[in-house]
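# Dropping a prediction and its sequence here:
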Amino acid sequence: MTITPLAPTGDDLDLTLLRKEPLAEDIVRLSLAHPSGAQLPAWSPGAHIDLVLGPGLVRQYSLCGDPEDTSLLQVAVLREPESQGGSQYVHDTLAEGDTVRVGGPRNHFQLAHSPRYLFVAGGIGITPLLPMIAAAEQQGADWRLVYGGRSGASMAFAGQLAKAHPRRVKLCPQDETGLLDLDALLTSPASDTLVYCCGPEPLLDAMERKTASWPDGALHIERFAPKSRAAQTPSASFEVELSRSGITVTVSPDQTVLQSVEEAGVQVLTSCQEGTCGTCETAVLDGVVDHRDSLLTPAEQAGNDTMFICVSRAACPRLVLDL
C-alpha cells in the first residue's frame, strides 16, 4: 500500500480512536490513527495536540508516544475532579472506533540540546517528558528523572520507567515519601544541565521560585492551566495594524486582540483562549507587548517579536502584527 502524507502540521484531522486503555488510577491512554492508514504529521518531544470533543469543547494534551511512529498519535488523559467536560467526556463517553477531530501538533516545550538533563514530573505531567527522556537516552546524554504523584497507583508509566532505568529514575509517591524535596533537588544551577518540569501549578510555581536566581534558560516548564496572576486593571484602548490584511482595528479595554481581529473578518487559528496552548501565536512587527500568556519565558517576552493574541495586549498605543 502506498502511504500518502497528510496535510501540514496545524491542519485539523479526523482520526479514529484505535485504543483506549487504562494506564493508572483515573488515567487512560488514547491511540489515534488516520482511518485510511495514512501517515500522521511529524512531531518532536514536548509537542501537544488539540482534541475537539464537542462544540466549544477543545482540550490540549501532550503527546507521549514515539515521534518516529507516524502511524499513531498517543496522549494520556487524567480524569479531573473538577472537569468542565473534557476529561469526563474522554473517560465516560469516548469509545474505541469513534472519530475525533485533532488539531496540531504544536510545540512550545521543545527539548534543547544539552549534555545533561534533570526531568521533574508531577502526576500527569510525566506525559511530555516521556519522549524527552527517550530522546536524551538516544543522544547519549546524562539524565535523571524525579517523578512525584499522589500514590504509586496514580503514577502512569512509573513501573516501566523504573524498570528500564533503575539508576536514573526516582519515584516519589506522596503517600509514602511526602512532597518532592525541591530544596535538595535544586541546590544550585549546573552550567551544563537543563531542567524540564511539567505538573500541577503548585509544583511549577515552586520550581520557578527555587530557580529565580538561576541563569535564563536553565528551567523549562509547561503548564496545563494559566499562571496565577494578580488582578490586572483594564488597559486602555489601542490600535492594531494587520500588515498583510491592510486593516487597522481598535481594541477596547473589554476586548481581546483576537476578538477584534475576528470581528474585522480576519480568521486566526485559536483553541484555549487563555494563553496556554500557543495556537494563536502571532508575529509582532512593531510595538511593545503587554504579555499575559503562560508560555513565553521572560527573555522571550522581552524580545517583543511574538504574542498570543487571545490574552496579551499592547503596552503602547499601536501594535503592528503579521496578519
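Now that the structure is in, tell me what you want to look at.
# How about the secondary structure of residue 300?
Following DSSP: H, G, I helix; E, B strand; the rest coil, residue 300 is assigned to helix.
# Okay, now the unreliable bits of this protein?
Along the chain, the parts satisfying pLDDT under 70 run over 1-11, 83-84, 228-234.
# how does it divide up, domain by domain?
Domains of the chain are assigned by automatic domain parsing as 13-106, 116-222, 238-321.
# Run through the residues that contact residue 40.
Going by CB atoms under 8 Å, 6 or more residues apart in numbering, residue 40 touches 6, 13, 15, 33, 34, 70, 71, 72, 73. Using the backbone N, CA and C atoms, a C-beta is placed for each residue, glycine as well.
# Confirm it sits in a helix?
No - counting by three-state DSSP, residue 40 falls outside a helix, being coil.
# What strand or helix carries residue 207?
According to DSSP states H and E, residue 207 maps onto helix 201-210.
# what's next to that helix, contact-wise?
So helix 201-210 is contacted by 120, 122, 125, 148, 180, 182-183, 186, 195, 197-198, 219, 221, 223-225, 227-228 (CB under 8 Å, 6+ apart).
# Bridged to residue 14, which residues?
Beta bridges link residue 14 to residue 101, judged by DSSP bridges.
# How many residues are close by it?
By other CB atoms under 10 Å, the residues close to residue 14 number 11.
# what about it, distance to residue 104?
14 Å (CB to CB, to the nearest Å).
# ok, back up a step: give me the subset of the contacts of helix 201-210 that lies in strands.
Counting by DSSP state E, the contacts of helix 201-210 place 120, 122, 148, 195, 197, 198, 219, 221 in strands.
# I'd like these written out as a markdown table, with neighbour count and distance to residue 264 added.
Listed next are the ones in strands among the contacts of helix 201-210 as a markdown table, based on neighbours: other CB atoms under 10 Å; distance: CB to CB, whole Å:
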| residue | neighbour count | distance to residue 264 |
| --- | --- | --- |
| 120 | 26 | 43 |
| 122 | 26 | 41 |
| 148 | 24 | 47 |
| 195 | 22 | 42 |
| 197 | 23 | 39 |
| 198 | 27 | 36 |
| 219 | 22 | 38 |
| 221 | 21 | 34 |
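# In stretch 49-62, which residues are buried?
Neighbour-count burial for stretch 49-62 flags 49, 50, 51, 52, 53, 58, 59, 60, 61, 62 (criterion: 16 or more other CB atoms under 10 Å).
# And the residues you listed, which is closest to residue 290?
Distance ranking of the buried residues of stretch 49-62 against residue 290, using CB to CB, places residue 60 first at 23.6 Å.
# tell me which element that closest one falls in.
Short version, using DSSP H and E: residue 60 is in strand 57-62.
# Partner strands of that strand and their direction?
Sheet partners assigned to strand 57-62 using DSSP bridges are listed as strand 48-54 (antiparallel).
# CA-only coordinates of the partner strand in PDB, if you can.
In PDB, the C-alpha atoms belonging to strand 48-54 read as follows (Å, rounded to 0.1, in the frame of the first residue of the first chain):
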ATOM      1  CA  HIS A  48       0.800  18.600  22.200                       C
ATOM      2  CA  ILE A  49      -2.400  18.200  20.100                       C
ATOM      3  CA  ASP A  50      -5.900  19.600  20.400                       C
ATOM      4  CA  LEU A  51      -8.800  17.200  20.800                       C
ATOM      5  CA  VAL A  52     -12.100  18.600  19.700                       C
ATOM      6  CA  LEU A  53     -14.500  16.800  22.000                       C
ATOM      7  CA  GLY A  54     -17.700  18.700  21.200                       C
END
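# I'd like the distance from the strand holding residue 60 to the chain centre, please.
9 Å (CA atoms, centre = their mean, to the nearest Å).
# who's in contact with it?
Contact with strand 57-62 is made by 46-53, 75-77, 85-87, 89, 103, 109, 127-128, 198, 222, 224, 271-272, 276-277, as judged by CB under 8 Å, 6+ apart.
# Just after it, pick out the following helix or strand.
Counting by DSSP H and E, what follows strand 57-62 is strand 73-78.
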